[in-house]
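A.B. asks: Build the 3D model from these lines:
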Amino acid sequence: MTSLNAVVIGVRLFVSLFIQRFLAEMVGEVGISKIGQLRNFTVLLTSISSGGIFNGIIKYISEFKEDKEQLQKLFSTVFVFVVVGSVSASLVLLFGASFISNYLFGTIDFSYLIKLLAVVVPFIGIQRVFNGVVHGLSKYKSFAKIDLIGYLLGAVFLVVALYNYNIDGVLVAIALTPIIQLAILLYIFFNVLKEYIEFSKLSFKIPYKKELLAFTLMSLVSTGLLSFVEIDIRTMIRNKITEADSGIWTAMTFISKNYMVFSASIFTLYVVPKFASIHTKLGFTTELKIIYKTLLPLFGIGMLLVYFLRDYVILIIYPDFTAMEPLFKWQLMADFARLATLILGHQFIAKKMVRNFIFSEILSLVLYYFLARYLVLDYGVEGVVIAHLIRSVVMFVVIFYLVMRYFRKQSGFVKPNRYKI
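C.D. replies: Numbering: from 1, shown residues only. Below is the predicted model of the structure:
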């Protein structure tokens, strides 16, 4: 798994550097800001269209992969969630296109893009669900193939669209990429899907409603609020400073997300299934130490390299975005603290600690939102990244306390009922 993911990470990183450079030269800071708005919005649509049950699918498939009857009940419930989520999102996008376009981009000129997303939404939901199956079955090689081929084809599509249609082409390519990714997933993984999902026997019933609603709530709280906060912060920077500064901050977050998404993929593949099978404090702390001693130092070394080579990073990826340089130290420290926190936070998902998860997500985003609005007045764009660091450190302490409190309460307990929220 490690070597395979290393190859995928290396290829994706190389391709991403090329695309970011091309985007910076072709659309500039203002275009980068618009791309950031759309990416945040599509993340929100991904959660809504799939019912927010991605992590629930991983958990229950890892538990029930040998139980066909339970799997069929699970997928019937998943089917209902996707239909309801996709249809609801599509209708809102279709009839609210002008309003949403104005909210995201400050103009109704992109209403056509929102209507296109209304058509794409069901594909987004299906692709997310099937990805959850791949993760739940721990099919590492299949995941690596799907991820890499889908990313490369999406990248080619984006570059061609950018070259021919500039910012409009980029936005359309981003909107359509989930369809390409779904096609690749089905081509590589459809035979395996048929082994676990009897598509002809799917029914409009929801026997797993209670179990999956917990994950829906967690996903919508975290994804919905995060998307709103990032969209609002980007708008705030544009209004209080300039749209170019909004693009500078977005570019910094793009670099951050390039390595954060890789770590999140590894954690989702390994940590959630592992934590789901651990029911003692000793087992958890032992596994946590292993992760902190192996995975975390690797990311820490990578972040140090990025910091010391930051001037070259800017020159190579964003040659005219020199205002990014002061942001690196705050962003990298914040992301390291956030990685350590994410590892702990996966215990919330593995054990369905719904209240703790929701509390921590809301607290994290509220801290970020208000600290950013306050610090931007004195420190400009740098203040937004300082806000990210402060909230990341605070949240590590808070989540560590919540997880340890959970195990203190569970000391000496019998393995909990898998259906209990």
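
A.B. asks: now the helices: where do they sit in the protein?
C.D. replies: Remark: helices of the chain, listed N- to C-terminal, are 2-49, 54-64, 68-95, 97-105, 111-136, 140-196, 209-219, 225-240, 243-276, 281-308, 310-317, 327-350, 354-379, 381-410; assignment by DSSP state H.

A.B. asks: closest to Ser203 out of the ones you listed?
C.D. replies: When the helices of the chain are ranked by distance to Ser203, counting by CB to CB, first place goes to helix 68-95 at 4.8 Å. Yep, even glycine has a C-beta here, placed from its N, CA and C like the rest.

A.B. asks: Now do the buried residues in the closest one.
C.D. replies: Across helix 68-95, burial judged by 16 or more other CB atoms under 10 Å covers 70-82, 85-86, 89-90, 92-93.

A.B. asks: low-confidence ranges in the stretch 1-150 of the chain?
C.D. replies: 1-6 (pLDDT under 70).

A.B. asks: quick one, what contacts the residue lying closest to Lys209 once chain neighbours are set aside?
C.D. replies: Taking CB to CB, 6 or more residues apart in numbering, and ignoring the residues beside it in sequence, Lys209 has Thr77 as its nearest neighbour in space, at 6.0 Å. Under the criterion of CB atoms under 8 Å, 6 or more residues apart in numbering, the contact partners of Thr77 comprise 205-209, 212.

A.B. asks: Can you tell me which of those residues has the most neighbours?
C.D. replies: Neighbours were tallied for each of the contacts of Thr77 (criterion: other CB atoms under 10 Å), and the maximum of 24 neighbours falls on Leu212.

A.B. asks: I'd say that residue and Phe54 touch.
C.D. replies: No: with the criterion set as CB atoms under 8 Å, Leu212 and Phe54 do not qualify as a contacting pair; they are 10.4 Å apart.

A.B. asks: Grab the nearest non-local neighbour of Ile184.
C.D. replies: Counting by CB to CB, 6+ apart, Ile184 lies nearest to Gly150, which is 4.5 Å off, once chain neighbours are set aside.

A.B. asks: List the contacts of the one you found.
C.D. replies: Under the criterion of CB under 8 Å, 6+ apart, the neighbours of Gly150 are 180-181, 184-185.

A.B. asks: Next: Leu375.
C.D. replies: Each residue near Leu375 by CB under 8 Å, 6+ apart is listed here: 383-384, 386-387.

A.B. asks: and the residue nearest to it when sequence neighbours are not counted, how many neighbours does it have?
C.D. replies: Closest residue in space to Leu375, ignoring its immediate chain neighbours: Gly383 at 3.1 Å, by CB to CB, 6+ apart. Here the neighbour count serves as a burial measure; for Gly383 (other CB under 10 Å) it reads 19.

A.B. asks: Gly383 reaches Leu377, doesn't it?
C.D. replies: Yes: counting by CB under 8 Å, Gly383 sits close enough to Leu377 to count as a contact (7.3 Å).

A.B. asks: quick check, nearest of the contacts of Gly150 to Ser62?
C.D. replies: For those, the residue nearest Ser62 by CB to CB is Leu185; the value is 18.7 Å.

A.B. asks: what about Ala155, distance to Leu339?
C.D. replies: When distances are taken as CB to CB, to the nearest Å, Ala155 and Leu339 turn out to be 25 Å apart.

A.B. asks: Please say which of the two ends up with more neighbours.
C.D. replies: Counting neighbours by other CB under 10 Å for Ala155 and for Leu339 shows that Leu339 has the greater number, 22 against 18.

A.B. asks: Please tell me I have it right and the more buried one contacts Pro297.
C.D. replies: No: using CB under 8 Å as the test, Leu339 is too far from Pro297 to be in contact (10.8 Å).

A.B. asks: how about a markdown table for the contacts of Gly150, with pLDDT added?
C.D. replies: Putting the contacts of Gly150 into a markdown table (pLDDT from 0 to 100) gives the following:
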| residue | pLDDT |
| --- | --- |
| Ile180 | 93 |
| Gln181 | 91 |
| Ile184 | 91 |
| Leu185 | 88 |
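
A.B. asks: Out of those residues, which comes closest to Gly224?
C.D. replies: Closest to Gly224 out of the contacts of Gly150 is Gln181 (22.1 Å), distances taken as CB to CB.

A.B. asks: Name the nearest of the contacts of Gly150 relative to Ala173.
C.D. replies: Comparing every one of these with Ala173 (CB to CB), the shortest separation belongs to Ile180, at 9.4 Å.

A.B. asks: Pull the contacting residues for that closest one.
C.D. replies: The contact partners of Ile180, by CB under 8 Å, 6+ apart, come to 150, 153-154, 157.

A.B. asks: distance of the spatially closest residue to Val354 that is not a sequence neighbour from His135?
C.D. replies: The spatial neighbour of Val354 that comes closest, neighbours along the chain excluded (CB to CB, 6+ apart), is Ala214 at 4.8 Å. Distance of Ala214 to His135, given as CB to CB: 18 Å.

A.B. asks: How about Asp245?
C.D. replies: Spatial separation of Asp245 from His135 under the definition CB to CB is 37 Å.

A.B. asks: Also Asn166?
C.D. replies: For Asn166, the distance to His135 - CB to CB - is 36 Å.

A.B. asks: more crowded one of the two?
C.D. replies: Set Asn166 next to His135 and count neighbours by other CB under 10 Å: His135 wins out with 24 against 13.

A.B. asks: which one is that one nearest to, not counting chain neighbours?
C.D. replies: Taking CB to CB, 6+ apart, and ignoring the residues beside it in sequence, His135 has Ile58 as its nearest neighbour in space, at 4.8 Å.

A.B. asks: Surely that neighbour is in contact with Gly132?
C.D. replies: Yes: using CB under 8 Å as the test, Ile58 is close enough to Gly132 to be in contact (5.5 Å).

A.B. asks: Please identify which of those two sits among more neighbours.
C.D. replies: Just comparing Ile58 and Gly132: by other CB under 10 Å the higher neighbour count belongs to Ile58, 26 against 22.

A.B. asks: How about the contacts made by Leu185?
C.D. replies: If a contact means CB under 8 Å, 6+ apart, then Leu185 has 127, 130-131, 134, 146, 150 as its contacts.

A.B. asks: likewise Phe95?
C.D. replies: When the contact criterion is CB under 8 Å, 6+ apart, Phe95 has no partners at all.

A.B. asks: mind running it again at 10 Å?
C.D. replies: Contact partners of Phe95, counting by CB atoms under 10 Å, 6 or more residues apart in numbering, are 115, 118.

A.B. asks: cool, and Leu309?
C.D. replies: Applying CB under 10 Å, 6+ apart to Leu309 gives the contacts 315-316, 328.
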